[in-house]
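Chemist: Following is a predicted model, sequence given first.
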Amino acid sequence: MEEIREIKGGVTAAKGFEAAAAAAGIKYQGRTDMALVYSQRPCVAAGTFTTNVVKAAPVKWDQKIVEESPFVRAVIVNSGIANACTGAEGYGYCRETAREASEIFRIPENAVLVASTGVIGMQLPMERLKRGIGLLKEAKGASLEHGTAAAKAIMTTDTVHKEIAVRTVIGGKTVTVGGMCKGSGMIHPNMCTMLAFVTTDACISKEMLERAVRADVKDTFNMISVDGDTSTNDTLLVLANGGAGNREITEESEDYAAFAAALRAVNTYLAKKMAGDGEGATALFEVKIVGAESKEDAVTLSKSVVTSSLVKAAVYGHDANWGRILCAMGYSGVEFDPERVDLFFESAAGKLKIIENGVAVDYSEEEATKILSEPEVTAIADVKMGEASATAWGCDLTYDYVKINADYRS
């Protein structure tokens with residue numbers, strides 16, 4: 001398989017894609033709060049969405065468009081107001097947004113996807129939003145800077161914008177996959193508030209794109225958690241416009257595997273960036289379970305540890321409180337022998353065995369603290385039950401998480 005190369009850029013890195021940002025005053029002042037992703041040619045689209053029973057209006061709209069529309073050309077995103085729990089009026093605003101974009105960009109109404117993030121329960125100020133769509137049309141472009149501007153416009157409590165692009169070769173043609181996302185709190189996907197948009201110039205059938213996205217999300221976005229809250233707005237949209245000119249991928253093949261690997265690289269990067277930028281977080285916390293009896297067991301164990309408030313607090317305190325990790329594994333519902341577990345902590349500062357066969361080894365607390373003081377920290381648990389493994393990502397739990405969420409609406 002061809003090497004996957006990371007390149008500078010995001011949603012505009014692939015051929016034929018443009019982006020823009022605009023300040024529409026939806027809720028924020030003095031910053032951009034609307035973004036556009038636009039393809040110069042029709043795209044096949046795939047998506048995964050929140051499993052929360054309470055689904056925001058844009059989620060319902062996008063589910064319908066992805067399922068029924070023959071192609072997609074544009075995504076209109078706003079930050080500040082989530083358009084969730086807004087009833088028929090809120091859904092009508094999605095249609096109104098698509099209608100306005102249809103007129104401005106001269107594309108079909110059912111070729112427009114929409115996404116919103118922000119406060120739940122407020123109605124969108126449609127005159128401002130419509131004006132914003134016009135501003136997006138004027139501002140759009142294909143440069144990397146246009147993509148970065150869009151990535152910044154969709155932020156809410158995020159502290160950094162999140163984007164990446166990679167290149168690979170498929171069927172002798174250079175194929176690019178790029179993406180951007182936002183997400184910092186209310187992140188516990190079961191596909192968070194998570195919005196992710198991935199663009200590619202790969203030529204791939206809708207069926208195979210959907211298959212790749214469904215398979216990939218299990219090991220990327222569904223393996224992160226910031227606070228255990230599954231948002232009403234979680235959305236991952238992937239658009240493929242065929243601009244690379246490779247032979248269309250219509251079945252599982254070497255070409256499909258190459259595309260899936262590039263998609264995995266982009267989504268893993270974005271997922272980890274979200275986890276590491278959790279509200280108030282000071283560290284990305286990675287949990288690897290190895291030696292599990294099944295993949296399902298490994299996933300359950302890793303998620304149980306990464307979502308434990310006590311473990312997350314210990315990571316914030318740089319405290320090698322391994323008993324909390326074993327405890328979280330123990331209540332996960334997975335059967336394993338705690339007296340066979342080995343546990344390690346690892347970071348850029350080194351790797352240290354903490355317990356062997358369920359019992360603490362003679363390790364240095366000072367060295368453990370040093371390892372846990374890095375901005376990226378990994379806990380590795382070997383349960384010695386089989387060959388399966390899984391990795392989950394989260395973050396530490398800090399005082400600032402409570403501060404941010406205590407007055408988010410006001």
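Modeler: On my side now, so go ahead.
Chemist: Rounded mean pLDDT for the helix or strand containing Ala262, please.
Modeler: Following DSSP states H and E, one finds Ala262 within helix 254-276. Taken as a whole, helix 254-276 has an average pLDDT of 94.
Chemist: any idea how far that helix is from the chain center?
Modeler: In this view, helix 254-276 has its centroid 10 Å away from the chain centroid, taken as Cα atoms, centre = their mean, to the nearest Å.
Chemist: CA-only coordinates of that helix in CSV, if you can.
Modeler: Output in CSV follows, covering the C-alpha atoms of helix 254-276 (Å, rounded to 0.1, in the frame of the first residue of the first chain):
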residue,chain,number,x,y,z
GLU,A,254,-6.6,-2.6,-2.7
ASP,A,255,-7.8,0.8,-3.8
TYR,A,256,-10.6,0.7,-1.2
ALA,A,257,-8.1,-0.3,1.5
ALA,A,258,-5.8,2.6,0.5
PHE,A,259,-8.7,5.1,0.7
ALA,A,260,-9.9,3.7,4.1
ALA,A,261,-6.3,4.0,5.5
ALA,A,262,-6.2,7.7,4.4
LEU,A,263,-9.7,8.3,5.9
ARG,A,264,-8.5,6.6,9.1
ALA,A,265,-5.4,8.9,9.3
VAL,A,266,-7.6,12.0,9.1
ASN,A,267,-10.3,10.9,11.4
THR,A,268,-7.9,9.6,14.1
TYR,A,269,-6.0,12.9,14.1
LEU,A,270,-9.2,14.9,14.4
ALA,A,271,-10.6,12.7,17.1
LYS,A,272,-7.5,13.0,19.2
LYS,A,273,-7.4,16.8,18.7
MET,A,274,-10.9,17.0,20.1
ALA,A,275,-10.1,14.8,23.1
GLY,A,276,-7.0,16.7,23.9
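Chemist: Packing partners of whichever helix or strand comes after it?
Modeler: Using DSSP H and E, the next helix or strand after helix 254-276 towards the C-terminus is strand 284-292. Here strand 284-292 touches helix 254-276, helix 295-306, helix 309-316, strand 376-382, strand 388-395, going by 3 or more Cβ pairs under 8 Å, 6 or more residues apart in numbering; DSSP states H and E. Any C-beta I mention is one placed from the backbone N, CA and C, and that applies to glycine too.
Chemist: any idea of the angle the second one forms with helix 254-276?
Modeler: Orientation note: helix 295-306 sits at an angle of 20 degrees relative to helix 254-276 (axes from the mean of the first three to the mean of the last three Cα atoms, to 10 degrees).
Chemist: The stretch 51-200 of the chain: strands as residue ranges?
Modeler: With strands called from DSSP state E, counting those that start in this stretch, the stretch 51-200 of the chain shows them at 72-81, 112-119, 162-170, 173-182, 195-200.
Chemist: which of those strands is buried the deepest?
Modeler: Greatest average neighbour count among those goes to strand 195-200 (a mean of 30), per mean count of other Cβ atoms under 10 Å.
Chemist: Which strands border that one, and is each parallel or antiparallel?
Modeler: Strand 195-200 sits in its sheet next to strand 173-182 (antiparallel), strand 235-240 (parallel), going by DSSP bridges.
Chemist: That'll do, ta.
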